[in-house]
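[1] Compute the structure for the input listed below.
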Amino acid sequence: MEEPKEEEKREEDQCQNLVEDTIMLEAGVFPTALSEEQLAAATEKSRQNLFGSSKIFSLDTIEKRNYVMSDIINDRAKEHYERGKILLSRGLLEEAVISFNKALTLDPQQKEFYLRRAEAYLMFGDFQSSVLNHRLASNLDPSDDAIVTQIGHTLYIQGQYLFEVNMYGEALEIFALASELRPANQHYHMRSIATLLALGRLEDCLHYVTKQLEVVTSNPELYILRARLHDHFSNVVSCYQDVSRALTMDPSHQEAVLLMQTLVQRAEEAKAGAVNKALQGNMNGALHCINQAINNNPIELGYYIFRGTVFRRLKNFNAAIDDYLHVLNKVSNMKQSETYLETQRQLLLTYNDFAVHCYHKGFYEEAILLLNQSIKEEKQEKGLYINRGDCFLRQCHLDFALLDYEQAQDLDPDDWHIQIRIAAINNEKGLLDHHNRKYQQAEKRFTTAIEGNPYMSQYYLHRAKTREVLMQVTGSQEDAVTSLLLDIKNKQIIPLLTHLFPGKSMDEIMASKVVECARSKLNASLQTAVPLIPRVFQQSLTDSSFKSTQRPGMLAQTKRP
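    Have a look, this model is predicted:
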């Protein structure tokens, strides 16, 4: 009975001490500061007052017990983990997952536990759980790059499974996740491309491949894939470029070689179609076909030469010149080759035809510039000099025109086209001399013109008028009669004849000896002259107006190949 009383007394003393301490605190009275040792001793004394000599609530004991429990838990977790590994190796996946679950429940800070459970889920076919466990493991050790790689691999397997069961939309999402984790892994990107193809999203596929080629520039397979996509969308030029790049990387690449052969064959078929349409006169159709040929095989220079000819026939001279210059630039180091010489010839013909076009449009200065370019490259082509002379004649530059005609005549003295042009120039210069009252010089000019072309009635008429001024009556009468014999419809001759044969009728004039003499001289000159020239062509080189100083010319058309 004494012990309970003593215990009650201790409790009363403690309560009294607490009340006194509380009163002192409320009154703002603080006890004297104590050292750490004193506080520890006081704490231990208070514990003993409350619990006696029992050690169950000793802090040292609690800490020791915690350490012991932690070791036990860790050991137990490892046991479950090791057991799970054994079960996993035996293929007992459900039991293995249960063991790993127990291990993680006891110790959730071990990444190896998550990795093994992820492996079990993967073997189970539970891809999402496998990825989740890998991510949990990665959170515990963000520096472990192998875990991220394994996540990408798991997503790749999941995507491949979805692809094989024709779930292409879901597969594309999974492959995209894998590509985001490992953008340098080309297998993931290729599976995304294959999935886009399976979905029929060809435009998206083309965009994806192009984006990949910005990063990976040395993969011929990607270029071939994009080439086929370009071919599908009829982007033949881009298709050819990609095939060429693939062959540059790998000249023996079988698919690239076959695709290039296909493009070359298409080009030849298109060229044949262009030739057929050109022979039928369908130049626009020929142009369409030869464009297809060039798109399929842009390194074949013969196609550009043919297209240049088609452009020339369509009077698209600038385009023709561009094609010929392109060819010449490609073979600039082979100036004696057949391709270079033929292209050079076609270019000169195009310059000439362009000049003809400008001439008929009245752009004589532009025509002369084009002909200057042609003559600079080819000085032995008489037609170029003839054409430039005609342009000078249109501009009333008679001296320049005469120089060009004479240059052409030096190249071909027997060409009557040149001869009648020189005669026309002399006639024009004679008219100018007559107008300037240089009658002697004018009479010589007209005589030279008649010698060059004795078929022109106007030349005799002009000389008749000049000889009349020079008081050469007989010569004037003969020229007037000759002009009438060559062109009986020329009404300008009648007044002159009436003036030269005063008081005589036309019948009397035609029965005179002057007419007989003129006819005899005319026959003699015609027998030694050039063949009979078509009247239409003659009239194009002269004019009936005596005072006119501007005469139309005729451009010599060059032969087409």
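[2] Angles on the backbone of E377, please.
    phi -90, psi -30 (degrees, to the nearest 10).
[3] cool, and the one 10 residues further on?
    In this entry, N387 is assigned phi and psi values of phi -70, psi -40 (degrees, to the nearest 10).
[4] With the one 5 residues further on instead?
    F392 adopts backbone torsions of phi -60, psi -40, taken as degrees, to the nearest 10.
[5] pretty sure it contacts L371?
    No: assessed by Cβ atoms under 8 Å, F392 is found out of contact with L371, at 9.9 Å. Any C-beta I mention is one placed from the backbone N, CA and C, and that applies to glycine too.
[6] mind showing which ranges of the stretch 401-550 of the chain have poor pLDDT?
    For the stretch 401-550 of the chain, residues meeting the criterion pLDDT under 70 lie at 529-550.
[7] can you pull out the helices in it?
    With helices called from DSSP state H, counting those that start in this stretch, the stretch 401-550 of the chain shows them at 416-435, 439-452, 457-469, 473-486, 493-500, 506-510, 513-527, 535-539.
[8] Next: the stretch 51-200 of the chain.
    Going by DSSP H, counting those that start in this stretch, the stretch 51-200 of the chain shows helices at 59-89, 93-106, 111-124, 127-140, 145-164, 168-181, 186-199.
[9] Run the angle between the third one and helix 93-106 for me.
    Direction vectors for helix 111-124 and helix 93-106, defined by axes from the mean of the first three to the mean of the last three Cα atoms, to 10 degrees, enclose an angle of 160 degrees.
[10] Residues in contact with helix 111-124: which ones?
    For helix 111-124, contacts defined as Cβ atoms under 8 Å, 6 or more residues apart in numbering pick out 77, 81, 84-85, 88, 93-94, 96-97, 100-101, 103-104, 107, 127, 129-134, 136-138, 140-141, 144, 147, 150, 154, 157.
[11] picking up where we left off before, would you list the helices of the stretch 401-550 of the chain in TSV and tack on mean neighbour count?
    Shown next, in TSV, are the helices of the stretch 401-550 of the chain (neighbours: other Cβ atoms under 10 Å):
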stretch	mean neighbour count
helix 416-435	23
helix 439-452	20
helix 457-469	24
helix 473-486	22
helix 493-500	16
helix 506-510	13
helix 513-527	14
helix 535-539	13
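[12] hang on, the earlier thing: and F392 and L371? which has more neighbours close in?
    More neighbours surround L371 than the other of F392 and L371, with 30 against 23 (other Cβ atoms under 10 Å).
[13] Next up, phi/psi of the nearest residue to that one once chain neighbours are set aside, please.
    What sits nearest to L371 in space, not counting adjacent residues and going by Cβ to Cβ, 6 or more residues apart in numbering, is R388, at 4.2 Å. R388 adopts backbone torsions of phi -70, psi -40, taken as degrees, to the nearest 10.
[14] wait, isn't R388 in contact with L370?
    No: with contacts counted by Cβ under 8 Å, R388 stays clear of L370, the gap being 9.3 Å.
[15] Give me the pLDDT for E3.
    pLDDT, E3: 49.
[16] now swap in T154 and tell me
    pLDDT, T154: 86.
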